[in-house]
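> could you work out the structure for the sequence below:
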Amino acid sequence: MIFQPRGLVKKIIMIPSRRKVGHGLFEALMKKGRFYPTEHFSCRVFFSGVGGPAKFSVVVPKKIEKSAVKRNAAKRRLYAALRPFLPAAKPGSLCGFFLKKKFDGRALPFLALEMAEVLKKAGIIA
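Sure thing, here's the model as predicted:
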């Protein structure tokens, strides 16, 4: 076990589970969603007729990261980058982000900027 002092560990705050896309909605998102490609990820957006909060999903394929630990860490970082957009998101929208390339923690601010651009282009945030 590696010792890490408490002050040096950054806490990653994810989005609530009620704001994540479930299995049934994910299929609708994949079939009917509009596609928005960027350099680091692609995005699918679908506006369901049902009200309720906007829901998001992050997918990191095994082609990108072989290790489940690294895939889950990347998902946690991307969900944390999505958190500031939750209050401004249109109700009833579904959005899925599919990572294309490996990234390290330093690239996270750039990914957040790309997310903001895609969400504005798709009409999820104003």
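> what is the neighbour count of residue 113?
Neighbourhood size, residue 113 [other CB atoms under 10 Å]: 11. Backbone N, C-alpha and C define where each C-beta goes, glycine included.
> name the residues that touch the host helix or strand of it?
According to DSSP states H and E, residue 113 maps onto helix 108-122. Helix 108-122 has contacts (CB atoms under 8 Å, 6 or more residues apart in numbering) with 34, 36, 38-41, 43, 45, 77-78, 81-82, 84-85, 89, 95, 97, 103, 125-126.
> ok, which stretches of this protein are helices?
23-32, 68-82, 108-122 (DSSP state H).
> tell me which other helices or strands the shortest one touches.
The one in question is helix 23-32. Here helix 23-32 touches strand 41-47, strand 55-59, strand 93-99, going by 3 or more CB pairs under 8 Å, 6 or more residues apart in numbering; DSSP states H and E.
> contacts only, for the residue nearest to residue 43 when sequence neighbours are not counted.
Using CB to CB, 6 or more residues apart in numbering and skipping the chain neighbours, the partner closest in space to residue 43 is residue 36 (4.4 Å). By CB under 8 Å, 6+ apart, the contact list for residue 36 reads 42, 43, 44, 45, 118, 121, 122.
> apply 6 Å and report the result again.
By CB atoms under 6 Å, 6 or more residues apart in numbering, the contact set of residue 36 is 43, 118, 122.
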